[in-house]
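S.K.: Got a predicted model here, sequence first, then my questions.
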Amino acid sequence: MLDYIIVGFGLSGLSFVEQLEDHNKSFVVFENASQRSSRVAGGIYNPVILKRFTAAWNVLGQMEKAVPFYKNIETKLGKQLVTDLPVLRRFNSIEEQNSWFEASDKPILKHFLSPDLIPNTNEALDVPFQYGKVKQTGKIEVEQMLTSYANYLAQKDSFVQSSFEYSELEIKESYVVYKDYKAKHIVFTEGFGVKNNPFFNDLPLVGNKGEYLLIKCESLELDAAIKSSVFIIPQGNDVYKVGATYDNQDKTPEPTSSAREELIKKLDMILKKPYQIVGQVAGIRPTTKDRRPLVGVHPLHQNVYILNGLGSRGILIGPTIAGQLYEFIENGTPLPVEMDIKRFGN
Ligand SMILES: Cc1cc2nc3c(=O)[nH]c(=O)nc-3n(C[C@H](O)[C@H](O)[C@H](O)COP(=O)(O)OP(=O)(O)OC[C@H]3O[C@@H](n4cnc5c(N)ncnc54)[C@H](O)[C@@H]3O)c2cc1C
């Protein structure tokens with residue numbers, strides 16, 4: 001009898017698995033590569049919403065937890081996965097600069113927004129109103145982390161590359177059975193894939209498609225992520241991710257020509273040197289209407305759980321809410337009401 005079955009291995013699955021590893025619990029993970037949200041993510045952790053200059057939800061606690069969490073994985077896997085990467089917000093006007101100064105004086109934001117204006121020194125970029133710098137930002141190599149972690153789990157026979165078939169799950173009073181596996185609990189962490197899950201597909205997960213272009217530009221030479229109407233995120237070897245788009249209508253997995261055109265248009269407003277497009281990627285963010293995660297226990301089955309709704313900030317949110325779900329299951333610690341799926345009457 002295992003302690004847990006986990007379905008899905010993106011940022012939410014990985015965050016929960018780390019809890020299990022820390023507490024010496026036995027488990028198996030099923031992953032079918034049907035969703036790509038975590039693998040295509042920009043990998044940026046950034047405590048501030050750069051459109052409105054506000055702090056992200058519960059960000060102080062999440063920041064404290066997230067960076068040591070990923071550094072710990074880095075040590076465990078013996079791979080460099082975390083880099084400090086400055087994030088510079090390009091201002092569009094004097095008014096925007098003033099809003100930034102105002103925001104940088106506010107209680108939480110003063111930890112994160114530098115009040116100084118940073119002049120642009122990069123000839124490749126058009127930046128007429130200078131930059132504001134966000135403090136305590138960085139980048140996680142999410143795709144590399146997921147691949148290495150999956151290999152590490154596979155070596156321990158804890159990773160099964162296959163689709164979880166919901167109709168094969170038998171739920172008993174104090175355990176579940178799935179094919180040859182028996183476990184005390186099952187946790188679904190399928191991101192947007194939860195739409196196919198009969199136990200939780202009534203929850204209001206909206207989904208928001210995001211796409212990045214990958215460009216190569218030798219004369220750009222950036223060592224910071226630039227946020228204008230799009231992010232430009234250095235990937236090494238003169239390659240940059242440019243994006244992302246936000247689309248809550250199209251839920252298809254493939255990259256689109258409309259996103260490509262939109263991103264080229266936005267990029268051309270700031271990048272003044274020639275570049276080549278070398279790739280395009282897409283994924284569906286598991287977003288919710290109220291912008292809060294979907295965490296909790298199934299209303300009828302006490303050993304069936306969900307960890308989802310990480311939205312557009314999975315890197316920071318994942319470690320905290322995975323810890324909260326673990327404490328709820330193992331020690332009965334109540335979940336914060338705003339993330340508990342009970343808020344939808346479940
Ligand atoms: C373009 C883009 C850019 C982003 N940039 C950032 C960023 O810079 N910083 C940040 O913090 N966040 C970013 N995000 C958001 C972040 O990626 C999400 O919050 C996060 O990926 C959600 O993780 P998840 O594990 O819930 O979902 P997913 O990553 O979708 O993982 C779910 C996993 O479950 C698997 N699965 C589903 N159904 C089944 C099944 N039946 N059987 C087996 N396996 C199954 C899927 O294959 C998938 O691997 C970005 C998202 C996108 C799309």
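M.R.: Good, I have the coordinates.

S.K.: who's in contact with the residue in the stretch 101-250 of the chain that the ligand sits nearest to?
M.R.: Using C-beta to the nearest ligand atom, the single residue of the stretch 101-250 of the chain nearest to the ligand is Gly191, 2.3 Å away. In short, each C-beta sits where N, CA and C put it, glycine included. If a contact means C-beta atoms under 8 Å, 6 or more residues apart in numbering, then Gly191 has Gly8, Gly10, Ser12, Gln35, Ser37, Ser38, Ile284, Pro286, Asn308, Leu310 as its contacts.

S.K.: Quick check: which element contains the last one?
M.R.: Right, Leu310. If you go by DSSP states H and E, Leu310 is not part of any helix or strand.

S.K.: quick one: it and Tyr45, what's the gap?
M.R.: From Leu310 across to Tyr45, the span is 13 Å (C-beta to C-beta, to the nearest Å).

S.K.: Among these two, which residue is more densely surrounded?
M.R.: With neighbours defined as other C-beta atoms under 10 Å, Leu310 and Tyr45 compare such that Leu310 has more, 28 against 24.

S.K.: was I right about that one contacting Pro293?
M.R.: Yes - counting by C-beta atoms under 8 Å, a contact exists between Leu310 and Pro293, whose distance comes to 6.2 Å.

S.K.: interface residues of the stretch 1-150 of the chain facing the ligand?
M.R.: Applying C-beta under 6 Å from any ligand atom, we find that the stretch 1-150 of the chain lies next to the ligand at 7-13, 30-35, 37-38, 40-44.

S.K.: What's the PyMOL line that selects buried ones from these?
M.R.: This is how PyMOL selects the buried members of these, with burial counted by 16 or more other C-beta atoms under 10 Å:
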select buried, resi 7+8+9+10+11+12+13+30+31+32+35+37+38+40+41+42+43+44
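
S.K.: what number of residues lie near the residue in the stretch 201-346 of the chain positioned nearest to the ligand?
M.R.: Nearest to the ligand in the stretch 201-346 of the chain, going by C-beta to the nearest ligand atom, is Gly314, at a distance of 2.4 Å. Neighbourhood size, Gly314 [other C-beta under 10 Å]: 26.

S.K.: Check it and give its pLDDT.
M.R.: In the predicted model, Gly314 carries a pLDDT score of 98.

S.K.: List the residues that contact the residue lying farthest from the centre of the chain.
M.R.: The outermost residue of the chain relative to its centre, with distances by C-alpha atoms, centre = their mean, is Glu173 at 33.8 Å. Shown in contact with Glu173 (C-beta under 8 Å, 6+ apart): no residues.

S.K.: before we move on, what SS does it have?
M.R.: Recorded secondary structure, Glu173: coil (DSSP: H, G, I helix; E, B strand; the rest coil).

S.K.: Tell me the pLDDT of it.
M.R.: Looking at Glu173, its pLDDT stands at 92.

S.K.: Phi, psi for it please.
M.R.: Taking degrees, to the nearest 10, you get phi -60, psi -50 for the backbone angles of Glu173.

S.K.: any idea how far Lys227 is from it?
M.R.: Distance, Glu173 to Lys227, by C-beta to C-beta: 51 Å.

S.K.: can you pull the contacts of the residue of the stretch 201-346 of the chain closest to the ligand?
M.R.: Gly10, Leu11, Ser12, Ser37, Ser38, Ala41, Arg285.

S.K.: same question, Lys184
M.R.: So Lys184 contacts Met1, Leu2, Asp3, Tyr4, Ser174, Tyr175, Val176, Asn303 (C-beta under 8 Å, 6+ apart).

S.K.: Quickly name whichever of the residues you listed is closest to Asn237.
M.R.: Using C-beta to C-beta, Tyr4 comes nearest to Asn237 of the contacts of Lys184, at 39.2 Å.

S.K.: Confirm the closest one sits in a helix?
M.R.: No - Tyr4 sits outside any helix when classified using three-state DSSP, being strand.

S.K.: Beta-bridge partners for it, please?
M.R.: Phe27, His185 (DSSP bridges).

S.K.: how much space is there between it and the ligand?
M.R.: 15 Å (C-beta to the nearest ligand atom, to the nearest Å).

S.K.: just Val87 next, same as before
M.R.: Using C-beta to the nearest ligand atom, Val87 is found at 10 Å from the ligand.

S.K.: shouldn't that residue be in contact with Val134?
M.R.: Yes - applying C-beta under 8 Å as the test, Val87 and Val134 come out as touching, 4.4 Å apart.

S.K.: Neighbour count: these two, which is higher?
M.R.: Just comparing Val87 and Val134: by other C-beta under 10 Å the higher neighbour count belongs to Val87, 26 against 23.

S.K.: show me the contacts for that one.
M.R.: Shown in contact with Val87 (C-beta under 8 Å, 6+ apart): Ile44, Asn46, Leu50, Lys133, Val134, Thr137, Ala224, Ala225, Lys227.

S.K.: Could you find the closest non-adjacent residue to the second one?
M.R.: Right, the one you point to is Asn46. The shortest distance from Asn46 to any non-neighbouring residue, by C-beta to C-beta, 6 or more residues apart in numbering, is to Thr137 (4.8 Å).

S.K.: Could you count how many residues lie near the one you found?
M.R.: Close neighbours of Thr137, defined as other C-beta under 10 Å, add up to 20.

S.K.: Which residues are in contact with it?
M.R.: Here Thr137 is in contact with Ile44, Tyr45, Asn46, Pro47, Asp84, Leu85, Pro86, Val87, Ala225 (C-beta under 8 Å, 6+ apart).
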